[in-house]
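# coordinates for the following, if possible.
(chains A and B)
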Amino acid sequence: DGGITQSPKYLFRKEGQNVTLSCEQNLNHDAMYWYRQDPGQGLRLIYYSQIVNDFQKGDIAEGYSVSREKKESFPLTVTSAQKNPTAFYLCASSILAGSSTDTQYFGPGTRLTVL
Amino acid sequence: GNSVTQMEGPVTLSEEAFLTINCTYTATGYPSLFWYVQYPGEGLQLLLKATKADDKGSNKGFEATYRKETTSFHLEKGSVQVSDSAVYFCALATGTASKLTFGTGTRLQVTL
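Numbering: from 1, shown residues only, chains lettered A, B, ... in the order given. Below is the predicted model:
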């Protein structure tokens, strides 16, 4: 089955530690995205990538880093510089990079809790 | 900049009631408009979309019409079911980067 996988579903880390969230897609999509969701709020864009080895900052990139070494993978690292990292993180992908009409497909999300 | 405003929830309805969730937007250019649904503990699923003025998106009994004159994309369903209980997000995309701008979401609770 084609889709987007995120692992793990729940993640706990101590304050001050970096943590990497996994996102893999087998849809052969060009573009991939990371969003953050906080309770009672909409999703906010952290980073996006339209092509391998290239990515751009979204609206709330501070304290996060990404890489896009393979088309199917777009891991997100939450660094110790992120002041409030506890949130639900969602990865998405779309077939066309550069089209506002294209649909983004979402993974199941990772809930990160920093203790 | 782009923004999306949704009616605040929660919206509580009895099964078989009519549903309307209001969504209005502000955007530069000509956006594409989307409704996504999120069930508890899950990611978002596309419910429907419309890419130009007067287009109607529809899926699973839900409908929304792209109204450029009122900058709106209200979600409607004629008869809701308990299984429709979820959070509904209105979103738009413009330009060449296909970045989505989301509303804050509206929680729908349907009771028997």
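# need the residues of chain A near chain B, please.
Residues of chain A found near chain B (C-beta under 8 Å from any C-beta of the partner chain) are A:4, A:6, A:31, A:33, A:40-45, A:48, A:50, A:56, A:58, A:90, A:92, A:94, A:96-109. (C-beta placed from N, C-alpha, C; glycine too.)
# quick check on the residues you listed: which are buried?
Neighbour-count burial (16 or more other C-beta atoms under 10 Å in any protein chain shown) applied to those gives A:4, A:6, A:31, A:33, A:42-45, A:48, A:50, A:58, A:90, A:92, A:94, A:97, A:99-100, A:102-109.
# so which of the residues of chain A next to chain B are in helices?
Taking DSSP state H, every one of those sits outside helices.
# sorry, back to before: take the buried ones among the residues of chain A next to chain B and keep only those in strands.
Secondary structure from DSSP state E places A:4, A:6, A:31, A:33, A:43-45, A:48, A:50, A:90, A:92, A:94, A:105-106 of these in strands.
# could you pull out the strands for chain B?
Using DSSP E, strands in chain B cover B:3-6, B:11-14, B:19-21, B:23-26, B:32-38, B:44-50, B:56-59, B:62-65, B:75-77, B:86-93, B:100-102, B:106-111.
# quick one: find the helix or strand in chain B with the lowest mean pLDDT.
Lowest on mean pLDDT, DSSP states H and E among the helices and strands of chain B sits strand B:100-102, with a mean of 91.
# what does chain B have sitting close to chain A?
So chain B meets chain A at B:4, B:31-32, B:34, B:36, B:41-46, B:49, B:51, B:89, B:91, B:93-100, B:102-105 (C-beta under 8 Å from any C-beta).
# for stretch A:15-33, give the mean pLDDT please.
If you average the pLDDT over stretch A:15-33, you get 94.
# need the contact list for the residue nearest in space to the middle of chain A.
In chain A, the centroid-proximal residue (C-alpha atoms, centre = their mean) is A:Trp34; its distance is 2.7 Å. If you count contacts by C-beta atoms under 8 Å, 6 or more residues apart in numbering or on different chains, A:Trp34 has them with A:23, A:45-48, A:58, A:64, A:66, A:74, A:76, A:89-92.
# please apply the same query to A:Asn26.
A:Asn26 sits in contact with A:Gly2, A:Gly3, A:Glu72, where contact means C-beta under 8 Å, 6+ apart.
# could you do A:Ala81 as well?
A:Glu62, A:Gly63.
# how close does it get to chain B?
23 Å (C-beta to the nearest C-beta, to the nearest Å).
# and residue 64, what pLDDT?
Unless you meant another one, I'm taking chain A. 97.
# try chain B instead
Taking B:Ala64 on its own, its pLDDT is 98.
# setting aside sequence neighbours, what's the nearest residue to the residue in chain B positioned nearest to chain A?
Relative to chain A, the nearest point of chain B is B:Phe102 (3.5 Å; C-beta to the nearest C-beta). The spatial neighbour of B:Phe102 that comes closest, neighbours along the chain excluded (C-beta to C-beta, 6 or more residues apart in numbering or on different chains), is A:Gly42 at 3.5 Å.
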